[in-house]
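S.K.: Return atomic coordinates for the entry below.
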Amino acid sequence: MFNDLSSLNSYLPSRRSGRPRNMIDPGPNDQQIEDIVATALRTPDHGKLAPWRVIQVDSHQREMLAAELTKAYQVEKPDAGRLELEALQLMANQAPALLVILSAPVSSTKIPLWEQELSCGAFCMNIIHAIHARGFVGGWITGWPSYNDDVRNLFGKAPERIAGFIFAGTADDELTERPRPELTTILSKWKSEQSS
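M.R.: Numbers count the residues shown, from 1 in each chain. Purely as a prediction, here's the structure:
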């Protein structure tokens, strides 16, 4: 069972994102989205900078988003093919709810940029957890739109960067497992000279 909400100890090892293209109604409503983002504010944040922002893209704005993505893509790739443009249309219109997360670093601080970016990543993960905690499924994707300045400028300005597009809704099919790394390739004990 994925996203087992019977306890925190059950949820975390069973956590599984959903594919945005496989998300259907219902999705979180405006109040639930406020609650989701409020929950994510509990993210570790050295210096109390809140170096992240969230932009909600409503369902009636999705076609406009698709048009803007297409325009930006064609500026970068004037010879873009039909399938590439259709993929942008699908991306903009998938899933009931869409949040654009911006990394919004604060320059007037001694906190290193790297720590602020790590905090933004943790903030994104907490949004995913909060989506799942409310019985929905979430998916965090990046791809070409996250690295294009024209797309970024739809939502913010430099030095902000798009950390990802987080989609939320209800899975239209059973979630399936994906390959995970072997624990032994991730976890090791420090072999210091004194302990050897």
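S.K.: Could you spell out the sheet neighbours of the longest strand along the chain, each with its direction?
M.R.: Longest strand of the chain, by residue count under DSSP state E: strand 161-171. Strand pairing for strand 161-171, using DSSP bridges, gives strand 23-24 (antiparallel), strand 97-103 (antiparallel), strand 137-141 (antiparallel).
S.K.: L154 is nearest to which of the ones you listed?
M.R.: strand 97-103 (8.3 Å; CB to CB). Backbone N, C-alpha and C define where each C-beta goes, glycine included.
S.K.: before we move on, what SS does R62 have?
M.R.: helix (DSSP: H, G, I helix; E, B strand; the rest coil).
S.K.: for G164, what are its contacts?
M.R.: By CB atoms under 8 Å, 6 or more residues apart in numbering, the contact list for G164 reads V100, I101, C124, W140, I141, T142, S146.
S.K.: That should have said G143, apologies.
M.R.: Contact analysis of G143 by CB under 8 Å, 6+ apart lists M91.
S.K.: again, 7 Å this time
M.R.: Neighbour list for G143: empty [criterion: CB atoms under 7 Å, 6 or more residues apart in numbering].
S.K.: give me the number of residues near G135?
M.R.: 12 (other CB atoms under 10 Å).
S.K.: Could you point out which of the contacts of G164 is nearest to A40?
M.R.: C124 (8.1 Å).
S.K.: The closest one - how many residues pack around it?
M.R.: With other CB under 10 Å as criterion, C124 counts 22.
S.K.: Now do it against I131, distance only.
M.R.: Applying CB to CB, to the nearest Å, the value for C124 to I131 is 11 Å.
S.K.: Helices of the chain, residue ranges please.
M.R.: Taking DSSP state H, the helices of the chain run over residues 8-14, 30-40, 62-76, 82-93, 113-133, 149-155.
S.K.: Quick check: which of these is buried the most?
M.R.: Counting by mean count of other CB atoms under 10 Å, helix 113-133 has the highest mean neighbour count of these, with a mean of 19.
S.K.: what's the angle from that helix to helix 30-40?
M.R.: 130 degrees (axes from the mean of the first three to the mean of the last three CA atoms, to 10 degrees).
S.K.: What helices and strands are in contact with helix 113-133?
M.R.: Judged by 3 or more CB pairs under 7 Å, 6 or more residues apart in numbering; DSSP states H and E, the packing partners of helix 113-133 are helix 30-40, strand 97-103, strand 137-141, strand 161-171.
S.K.: Many thanks, we can stop here.
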